[in-house]
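Enquirer: got a predicted model here, sequence first, then my questions.
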Amino acid sequence: MTMTHATAGPGMRRVLARMGRCVLSYVLLDMAVWIVIALVVPDSSFLGSMRVGLLMLAFTGIPTVLLAIVAGLAHQHMEVTLFRCLLAFPMVLFAFPLIGAATAEPLVLQVMAQVAFAVWLMPAPLVPENWVGLPE
């Protein structure tokens, strides 16, 4: 007697892989940005800047990745370029806790990272099987 286990089909595996790629690409991008910030900002310790970067990953990264995944799951009828551009604006808003920073570099670099993620790194459409293209 053999038991069959419910496993994710090839489509579900691909969607989960794309979600994982979304999370991993954002975390790597954010780490790279905060390394640059730690090297560029004067009068700051590298370790202190990296601690702030890790804290900011929670404030900017979690909402950004959640927005990318939720919007990516709902994306079916919009052109991919337009979809990416429309998501860039709310993703940039997640960087605004950095307005209170002592220098402008963290805010500018984080905004650039948010835009780069939205227009280049974010997998879109997240579920290619559900994409039906532009409505006629």
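Expert: In hand now; what should we look at?

Enquirer: just checking, Phe94 touches Ala58?
Expert: No - using CB atoms under 8 Å, Phe94 is not in contact with Ala58, being 10.9 Å away. Bear in mind the C-beta positions are built from the backbone N, C-alpha and C, glycine included.

Enquirer: out of the two, which sits in the more crowded spot?
Expert: Higher neighbour count among Phe94 and Ala58: Phe94, with 19 against 9, using other CB atoms under 10 Å.

Enquirer: which residues touch the more buried one?
Expert: 59-60, 63-64, 67, 114 (CB atoms under 8 Å, 6 or more residues apart in numbering).

Enquirer: just Val27 next, same as before
Expert: Applying CB under 8 Å, 6+ apart, one finds that Val27 lies in contact with 57, 61.

Enquirer: from Ala58, how far out is it?
Expert: For Val27, the distance to Ala58 equals 11 Å [CB to CB, to the nearest Å].

Enquirer: so for the one helix or strand Arg84 maps to, what's the average pLDDT?
Expert: If you go by DSSP states H and E, Arg84 is part of helix 80-93. Regarding helix 80-93, the rounded mean pLDDT is 91.

Enquirer: for it, the distance to its chain's centre please.
Expert: 11 Å (CA atoms, centre = their mean, to the nearest Å).

Enquirer: burial count for the residue lying closest to Thr103 once chain neighbours are set aside?
Expert: Once flanking residues are discounted, Thr103 sits nearest to Val41: 5.5 Å by CB to CB, 6 or more residues apart in numbering. As a burial measure, Val41 scores 20 neighbours (other CB under 10 Å).

Enquirer: also the one 3 residues further on?
Expert: By the criterion of other CB under 10 Å, Ser44 has 17 neighbours.

Enquirer: contacts only, for it.
Expert: So Ser44 contacts Ala38 (CB under 8 Å, 6+ apart).
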